[in-house]
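Asker: 3D, please:
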Amino acid sequence: MPASELGEAGWLKPWSGGNGGNCVEALRLADGRVAVRQSADPDGPALIYTSSEIAAFIEGAKAGQADFLLTPSLG
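Answerer: You can find the predicted model right below:
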């Protein structure tokens, strides 16, 4: 869905990495789902995840399941 339809209030940058303003922003929706957008394109698309999907992602990242994203591909 277009992120602009979700308004501007409440977006947070929990994963801001000092990378020149290109951050992931998240918004908890009233029904418990979580919207995610690219801060450099606030009017672009927002991906909407259930609270279970976000929890699985965060727990997986904490357990190292996303570490492959941090290293260059050998391929």
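Asker: return the mean pLDDT over the one helix or strand Glu25 maps to, rounded to an integer.
Answerer: With secondary structure defined by DSSP states H and E, Glu25 is part of strand 24-28. On average, the pLDDT along strand 24-28 is 93.
Asker: packing partners of it?
Answerer: Under the contact definition 3 or more CB pairs under 8 Å, 6 or more residues apart in numbering; DSSP states H and E, strand 24-28 sits against strand 34-38. Where C-beta positions appear, they are placed from N, C-alpha and C, glycine not excepted.
Asker: beta partners of the nearest residue to Tyr49 once chain neighbours are set aside?
Answerer: In space, and not counting its chain neighbours, Tyr49 is closest to Val34: 5.0 Å by CB to CB, 6 or more residues apart in numbering. Beta-bridge pairing of Val34 under DSSP bridges involves Arg28, Tyr49.
Asker: for Val34, what are its contacts?
Answerer: Applying CB atoms under 8 Å, 6 or more residues apart in numbering to Val34 gives the contacts 26-28, 48-51, 54.
Asker: roughly how far apart are Thr50 and Arg33?
Answerer: When CB to CB, to the nearest Å is the yardstick, Thr50 and Arg33 sit 6 Å from each other.
Asker: so where's the chain shaky on pLDDT?
Answerer: Scanning the chain for pLDDT under 70 picks out 15-21, 74-75.
Asker: that one: helices as residue ranges?
Answerer: For the chain, helices defined by DSSP state H occupy the ranges 51-62.
Asker: center of it, which residue is that?
Answerer: In the chain, the C-alpha closest to the average C-alpha coordinate belongs to Val36, at a distance of 4.0 Å (CA atoms, centre = their mean).
Asker: my guess is that one contacts Gly44, does it?
Answerer: No. With contact defined as CB atoms under 8 Å, Val36 and Gly44 do not form a contacting pair (11.3 Å).
Asker: shared neighbours, those two?
Answerer: Looking at what touches both Val36 and Gly44 (by CB under 8 Å, 6+ apart), there is no common residue.
Asker: now do the contacts for Val24.
Answerer: With CB under 8 Å, 6+ apart as the criterion, the residues that contact Val24 are 13-15, 36-39.
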